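Visitor: Pasting the sequence and the predicted model now:
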Amino acid sequence: MSNNTTKVGAKIKGIRETKNLSVEEVAERSGLSTEQITSIESDQNLPSLGSLIKVARALGVRLGTFLDDNDELGPALCRSEENTSSISFSNNATGARKNMEYHPLAPHKAGRHMEPFIIDIQASEERDFQLSAHEGEEFIYVLEGEVEIAYGKQLYTLHQGDSIFYDSIVKHHVHGAKGQGAKILAVVYIPF
């Protein structure tokens with residue numbers, strides 16, 4: 001599978017400029033710093049999913065607006081050989097750690113409220129994870145490997161075939177268990 005990484009920052013900047021908003025206005029509306037917004041827009045900083053959701057809310061758009069062209073009104077069919085685009089997020093808004101590669105499964109579906117992804121989780125020995133929270137719900141199904149999910153004060157370990165469904169307003173973090181990589185199916189629901 002080729003890796004045509006989506007440039008989220010350019011899309012965010014384009015939407016911000018179209019709406020005649022300054023970086024400062026988006027920072028104030030999102031609760032992020034102007035430095036974070038500038039870094040995200042220049043594709044220097046890999047935003048966390050939570051930060052990206054805050055920016056989407058500040059701009060008055062769906063999260064999917066940054067990830068796709070959303071032109072299908074009917075069903076969106078995604079064939080495996082066509083699913084070559086991806087986007088990376090860090091799991092903390094201030095560091096640019098690339099630890100997850102998101103492959104959108106419905107990039108052309110207009111008006112959706114769910115965001116389905118296949119996510120490749122990179123192996124990492126780091127254990128000092130920054131938990132994040134955002135509105136909505138998440139469903140995760142482990143396709144390969146073993147995954148740890150820090151959720152509030154709990155830590156859940158999921159093996160291949162296990163799943164979890166949770167409210168994402170509670171601080172959480174998803175990573176490979178024991179410093180190993182993994183592959184998951186994730187569906188994120190964000191109310192708009």
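Guide: Thanks, I have the structure now. Please read these numbers as outputs of a predicted model, since none were measured by experiment. Residues are numbered from 1 along each chain as shown.

Visitor: Quick check: pLDDT value at Arg62.
Guide: What the model reports for Arg62 is a pLDDT of 77.

Visitor: Wait, it touches Ile190, no?
Guide: Yes - in this structure Arg62 lies within contact range of Ile190 using Cβ atoms under 8 Å: 7.4 Å. (C-beta placed from N, C-alpha, C; glycine too.)

Visitor: Now for these two: what residues contact both?
Guide: Common neighbours of Arg62 and Ile190, using Cβ atoms under 8 Å, 6 or more residues apart in numbering, are Ala56, His113.

Visitor: C-alpha coordinates for stretch 150-163, CSV please?
Guide: Extracted C-alpha coordinates of stretch 150-163, given in CSV (Å, rounded to 0.1, in the frame of the first residue of the first chain):
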residue,chain,number,x,y,z
ALA,A,150,-5.6,4.0,29.1
TYR,A,151,-9.1,5.1,30.0
GLY,A,152,-9.5,7.4,33.0
LYS,A,153,-7.6,5.6,35.7
GLN,A,154,-8.0,2.2,34.2
LEU,A,155,-5.7,0.3,31.8
TYR,A,156,-7.3,-2.2,29.4
THR,A,157,-5.3,-4.7,27.4
LEU,A,158,-7.0,-6.0,24.2
HIS,A,159,-5.8,-8.9,22.1
GLN,A,160,-6.6,-9.8,18.5
GLY,A,161,-10.4,-10.1,18.2
ASP,A,162,-11.2,-8.0,21.3
SER,A,163,-13.1,-4.8,21.1
